[in-house]
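S.K.: Kindly generate the corresponding structure for this input.
(2 chains)
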Amino acid sequence: MGILEGLVSGFAQAISLEVLPFLIVGSVFGMIIGIIPGLSGHFAMAMLIPFLYKMDPAPGIAFLLAAHATVAQGGGLTAILFSTPGTGQNAATLLDGPPMREQGKAGVAVGAAMTSCFLGATFGAVALALLLPVLQQVVLFFGPPEIFVLSFLALTFIAVLGKEDMTRSLIAGLLGLLVSMIGIDNVTNQERFTFGLLELYDGLPLVPVILGLFAVAEMFDLFVKGGSLVDKQHGALSAGQTQKQIFEGIGIAFKKWWLVMRCSAIGTTIGIIPGLGSAPAAFIAYGHAKQTSKSKETFGKGNIEGVIGAEAANDAVEGGALASTVAFGIPGSSSMAILLGGLFILGLETGVDMVTTDVDIVFVMIFTVIFGNFIGTIFGMFLVNPIARATSIRSSIMVPILIAVVVTGAFAAQGSLFDIVVTLIFGVIGYLMKILNYSRAAMLIGYVLGHAVEKNLYLATQLKGTLFFLSPIPLTLCLITLGFIAYNVYGMIKDRERL
Amino acid sequence: MANNLETESTANADEKVVNRNALELASLFIAAGLTLAALITAIGYDFSSSQPLFVILVPLVLLIMVQIYRSMKQGDTKTSINVVKMALGGKILDFAVSVKFFMLLLALLLCIYILGHYAGLLLSMFYLIRVHGGESMKISLIVPIVTAVALFALFELVFSIELFQGQLYRYFAGYRIW
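M.R.: Numbering: from 1, shown residues only, chains lettered A, B, ... in the order given. Okay, the predicted model is just below:
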């Protein structure tokens, strides 16, 4: 399928009655999850994964991706209104959002943040569309040996660049790979770690693993912490004031279009690199906005450019992250790993097939990101005050509701009680990892990549022998991986010596 | 007064670090045992099947050892053992609450298995909201019922996914459940 044909087909599918309702529901759901502190983009996606079994590819992707796309918008809203970012990626918005609220300009900040999110996401999505012709050529150079080595490079990036400790993250990534090996080996029919359980013959099911690691683990955390999700609500505006200020904020974001573009470019570029994610992108964009501003001294005291820069970069990340996920099947973050899992459930394959024959699906993703953010912006602008009340729900009510949904979702995926058991086990593992600072993203990415790693290792050894990694591209990737680890270990030793 | 508060919060933070270190050590020892067992098991597999396992397990075992060494260097081993003993005795609050939550989840699973999905959820949610959460009777009844109805509408009506009916129902419906 050609790019133009894919674009037209993707657009037609995205606005069709079969897809659009799911896109709207997904966007609203993501927005609400984003508003609730402690629940993030991967939580929103994890909750929706069980429904994919009954859905066609286009509505399924729209449902899943729209939820993820609007999480950052919801998070930005609470960061400004309650000084509590709904998700970690909105932390940079805390620097200038709350000071603006203190000055009575909460609506302006919300309007500017929402619009910047939308513009940033659109920038990222357009960048992905423009990258497609390049990706179509590049993926042809990536056969089994390259993909095998690239998987380890991605895991290394995630382990080293993630917010968690490097050794712990590498352990988590390898544990994820190990867990993916459970089941019958497709090549030799060898049972591996099944303990004779019939349920494990096909390997550990994806949905319960995701739900356990991300949803149940959060429930543990909420249950232990208790209380309300946001203790104090302050700075709430009247409906009339809010609307007036929001439109002012929208105007300012459009006026500062050049800043939005630059920060979006930063976000998209960072999105392509596995492991960095939205939070660092937002802080780098914030730094850039401050450096290039004429009023540097007002940053941190309520400068709207700080809000615009951080929020634009936040959402522009998705376009870049999607590029490596769809082209190479290498997810750069936990959300992208869940998306990859969702694509498997929907019967889609990433890599050459995705960027050459299923181009329309890539465009459904692109339009979902754009439309989802647009819907989120509209929804957020008009329902700021009511949806913000979601944060005052006590955990004693929230936890049972979410547990009910999670348990039902885990069962519904394959109609198996065993899946609920797996969910609970991975819930405990996920909670332990969360409190001990082990990267759950690395574990999930390892788990999702496991099959690709095994398949490509087998094919690579069959095609090029055991020294397959001496071919030019795999060797280069190996050297980058080793160099990257060595550089970071050297940095850590140097830091320790300095202390 | 302020100094006292500061000292208390520092002591709490130190205690948390010690507890976390002990928990990490205990978890790592379990992980090390399981990983070594997996490595030994993998030796018995066909080479094609064990090849990727070796690629994963060898660095994994090494990294776990490194992390155990780092954790042991960070804290006193004797203290860690004492903390684990205290945790198992239910004397560490966060750990006790986590275990309680896990037990509640197991109870939920058992309820679903015996009574079916909806009855299990209703009972567990009522217990969590009313008994554990201390909410009013009105909320404790409304929230589980609304949630169960919403789940029924979504899963059974919209997606045509039938949820588990429970062994009790199956028994009375004439299925062989043993």
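
S.K.: rest of the way, CA atoms for contacts and neighbours
M.R.: Noted.

S.K.: Let me know the helix or strand that A:Val119 is in.
M.R.: For residue A:119 the amino acid is Leu, not Val. Assessed by DSSP states H and E, A:Leu119 sits inside helix A:106-138.

S.K.: could you give me the average pLDDT of that helix?
M.R.: Averaging pLDDT along helix A:106-138 gives 86.

S.K.: and it, what other elements does it pack with?
M.R.: helix A:57-82, helix A:97-102, helix A:239-255, helix A:257-272, helix A:304-328, helix A:352-356, helix A:359-382 (3 or more CA pairs under 8 Å, 6 or more residues apart in numbering or on different chains; DSSP states H and E).

S.K.: Among these, which comes closest to chain B?
M.R.: helix A:57-82 (12.7 Å; CA to the nearest CA).

S.K.: can you list the residues of chain A near chain B?
M.R.: Neighbours of chain B within chain A, by CA under 8 Å from any CA of the partner chain: A:51, A:54, A:167-168, A:170-171, A:174-175, A:177-178, A:181, A:185, A:187-188, A:190, A:192-193, A:220, A:223-224, A:396-397, A:400-401, A:404-405, A:408, A:411-412, A:415, A:417, A:420-421, A:424, A:428, A:435-436, A:454, A:457-458.

S.K.: Pull out the buried members of these.
M.R.: With neighbours counted by 16 or more other CA atoms under 10 Å in any protein chain shown, the residues of chain A next to chain B contain buried members at A:51, A:167-168, A:170-171, A:174-175, A:177-178, A:181, A:185, A:190, A:192-193, A:220, A:223-224, A:396-397, A:400-401, A:404-405, A:408, A:411-412, A:415, A:417, A:420-421, A:424, A:428, A:436, A:454, A:457-458.

S.K.: among those, which are in helices?
M.R.: A:167-168, A:170-171, A:174-175, A:177-178, A:220, A:223-224, A:396-397, A:400-401, A:404-405, A:408, A:411-412, A:417, A:420-421, A:424, A:428, A:454, A:457-458 (DSSP state H).

S.K.: if we can go back for a sec, tabulate the helices and strands packed on helix A:106-138 (JSON lines), appending mean pLDDT.
M.R.: Below are the helices and strands packed on helix A:106-138 laid out as JSON lines (pLDDT from 0 to 100):
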{"stretch": "helix A:57-82", "mean pLDDT": "82"}
{"stretch": "helix A:97-102", "mean pLDDT": "80"}
{"stretch": "helix A:239-255", "mean pLDDT": "83"}
{"stretch": "helix A:257-272", "mean pLDDT": "87"}
{"stretch": "helix A:304-328", "mean pLDDT": "85"}
{"stretch": "helix A:352-356", "mean pLDDT": "79"}
{"stretch": "helix A:359-382", "mean pLDDT": "86"}
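
S.K.: Dump those into CSV; add mean neighbour count as well.
M.R.: As requested, the helices and strands packed on helix A:106-138 are exported to CSV (neighbours: other CA atoms under 10 Å in any protein chain shown):
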stretch, mean neighbour count
helix A:57-82, 30
helix A:97-102, 24
helix A:239-255, 18
helix A:257-272, 24
helix A:304-328, 31
helix A:352-356, 21
helix A:359-382, 25
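
S.K.: export these to JSON lines and tack on distance to A:Ile445?
M.R.: Converted to JSON lines, these look like this (distance: least, CA to CA, whole Å):
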{"stretch": "helix A:57-82", "distance to A:Ile445": "17"}
{"stretch": "helix A:97-102", "distance to A:Ile445": "33"}
{"stretch": "helix A:239-255", "distance to A:Ile445": "35"}
{"stretch": "helix A:257-272", "distance to A:Ile445": "15"}
{"stretch": "helix A:304-328", "distance to A:Ile445": "11"}
{"stretch": "helix A:352-356", "distance to A:Ile445": "19"}
{"stretch": "helix A:359-382", "distance to A:Ile445": "20"}
